[in-house]
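Q: Take a look and give me a structure for this.
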Amino acid sequence: MAQTFSVWLAGAAGGLLLGAVGFASSAAGRPAEVLFPGLDKADFRQTVNLAKSKVFPAVVFIKCVREGYEQGEKAAHEVSGSGVIISAAGEVLSNWHVVDQAVEVRCLLIDGRAAAAKVLGADKDTDVALLQLQLPAGGPALPFARLGDSQRLTEGDFVMAMGAPWGLARSVSIGIISCTRRFLPGVSEYSCWLQTDASISPGNSGGPLVNTEGEVIGINTRGVMAGGDTGFAVPIEVAQEVAGQIRRQGKAKWSWTGFQLQPLKDFNRNIYFDATNGVLVAETDPGSPARLAGFRPGDRLIQIDSRPVTALTEEDLPAIRRQLGLLAFGQPVKVEYLRQDRVATATLTPREKGRVEGQMLDCPRWDFTLKTINQFDNPDLHFQRAKGVFIFGVKQPGNAAMAGLMPKDILTRVDGQEVTTLEEVKEAHKKATDPAARQNRVVMSVLRNGLLRQVVLDYSRGFNPD
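A: Numbering: from 1, shown residues only. From the prediction side, this is the model:
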């Protein structure tokens, strides 16, 4: 992963998940004959080397110049990650977070060639990106990796994680598949993860996870900050689905139905239902197709578009969400469900999910950055104000910080004028900071934790380090 990815909390265990982070060396790094007495050492080495030789030449080191807004101002900085060439034409699979907000992408190939890359598309929901190498015609043929089938994996299968850890251009580590379907709440909506103890470190993100047949069966994405070698990869089938959408339409397009689903055997909530098929509706989002179609909490969905659905445990939920996400926009779909033991049918019309992250704006004199509220990216803020903008980053030190403004404050008015879009704030900022206006203060109204506050922002001071 990119070396600057943010921290995530993982489940009840409270382990910290970091994009492309994995620490210590793999437990499977011990000699194979120690782990498995009787295994022929020469045969094992030959298998590993043959598999490595099929994919390693296709691994690329990626450097990106990224424009970030997190520190209260637009600033360019460099991040690095990995990718794998998957076609003779120079298509590269990587992670969304490696190329997110990138204004320049460069790739280093195994033969020493450097090439710019165009981001064909990237999907935050699955953390998958598809790039195209920009190489002059007539050059040497590109090595590319063969894609495998992650559904054939079983726990204990040997795998290799390839990439550029810590910006070290190119590396390979070996381990096993620890879990073929790891559910990480709040981290991925549409897929379970491949868990491995092959070492995955910052910079490995976007690199391939490879089986002993020399096939790519996953895209390395994240790791655990503490507690041993625990890394996670996006299954290759999910990456292929997203790449196919990007090829066809320039981006991944998911449908939105608004179902919040719950398994029949919910261990975390200690709730178990006496049923063997279907999936429960825990809630429906306000204004969603599911709520408009009349679905209620407690309904048990049995079939969606004539296809049976069942989620016995939480590991079954991502596949159903992906099925819902791949429904055609605007096309009515019949859903069979049970309510109080009676079978019923309803029709819902999925909508395009659209953007899952808000757009951003830099306000230099005010020393903060803004972001549009997005129901998928900021559900807590969306609950308070369905349409609007909020303070994303506050420069330290800076005028906004001196005025007491904080990240996640929802900006509602500037000098009495209501603002709901970035364009409106941009215009207000331009007007207020125009030298002809001869003013250096504005009164801002912000919502913080549901309470309205008035803030006087004095931007007469300058905090530029130069």
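
Q: Now the terminal residues of stretch 258-266, how far apart.
A: One end of stretch 258-266 to the other measures 20 Å (Cα to Cα, to the nearest Å).

Q: Arg170 touches Ile110, doesn't it?
A: Yes - with contact defined as Cβ atoms under 8 Å, Arg170 counts as touching Ile110 (7.0 Å). For the C-beta atoms, the positions are set from N, CA and C on the backbone; glycine is no exception.

Q: Tell me how many other residues crowd the closest residue to Arg339 other than its chain neighbours.
A: Distances taken as Cβ to Cβ, 6 or more residues apart in numbering place Asp299 nearest to Arg339, at 5.2 Å, with adjacent residues excluded. Using other Cβ atoms under 10 Å, Asp299 has 23 neighbouring residues.

Q: Was I right to think Asp299 contacts Glu336?
A: No - here Asp299 lies out of contact with Glu336, judged by Cβ under 8 Å, at a distance of 10.5 Å.

Q: what's the burial count for the closest residue to Leu422 other than its chain neighbours?
A: Leaving out its chain neighbours, the residue that sits closest to Leu422 by Cβ to Cβ, 6+ apart is Leu361, at 4.5 Å. Leu361: 20 surrounding residues under other Cβ under 10 Å.

Q: OK, contacts around Leu361?
A: 369-371, 389, 422, 425-426 (Cβ atoms under 8 Å, 6 or more residues apart in numbering).

Q: Strands of the stretch 101-250 of the chain, residue ranges please.
A: 102-108, 114-123, 128-134, 146-147, 158-163, 171-182, 193-196, 208-211, 215-224, 231-235 (DSSP state E, counting those that start in this stretch).

Q: Which one, of those strands, ends up nearest to Ser94?
A: Taking Cβ to Cβ, strand 128-134 is the member of those nearest to Ser94, at 4.7 Å.

Q: Output the contacting helices and strands for that closest one.
A: strand 91-94, helix 96-99, strand 102-108, strand 114-123, helix 236-249 (3 or more Cβ pairs under 8 Å, 6 or more residues apart in numbering; DSSP states H and E).

Q: Looking at the ones you listed, spot the one closest to Arg461.
A: strand 102-108 (29.8 Å).

Q: residues of the closest one that come out buried?
A: 102, 105-108 (16 or more other Cβ atoms under 10 Å).

Q: Okay, now the unreliable bits of the stretch 351-466 of the chain?
A: 463-466 (pLDDT under 70).

Q: all helices for it, in order.
A: 379-384, 399-403, 422-433 (DSSP state H, counting those that start in this stretch).

Q: Quick one: distance of the shortest one to the chain centre.
A: Averaging C-alpha coordinates over helix 399-403 and over its chain gives two centres that are 32 Å apart (Cα atoms, centre = their mean, to the nearest Å).

Q: So Glu67, which state does it fall into?
A: strand (DSSP: H, G, I helix; E, B strand; the rest coil).

Q: CSV please, covering the buried residues of strand 102-108 and showing distance to Arg448 and pLDDT.
A: Formatted as CSV, the buried residues of strand 102-108 follow (distance: Cβ to Cβ, whole Å; pLDDT from 0 to 100):
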residue, distance to Arg448, pLDDT
Ala102, 32, 94
Val105, 38, 97
Arg106, 41, 96
Cys107, 43, 96
Leu108, 46, 95
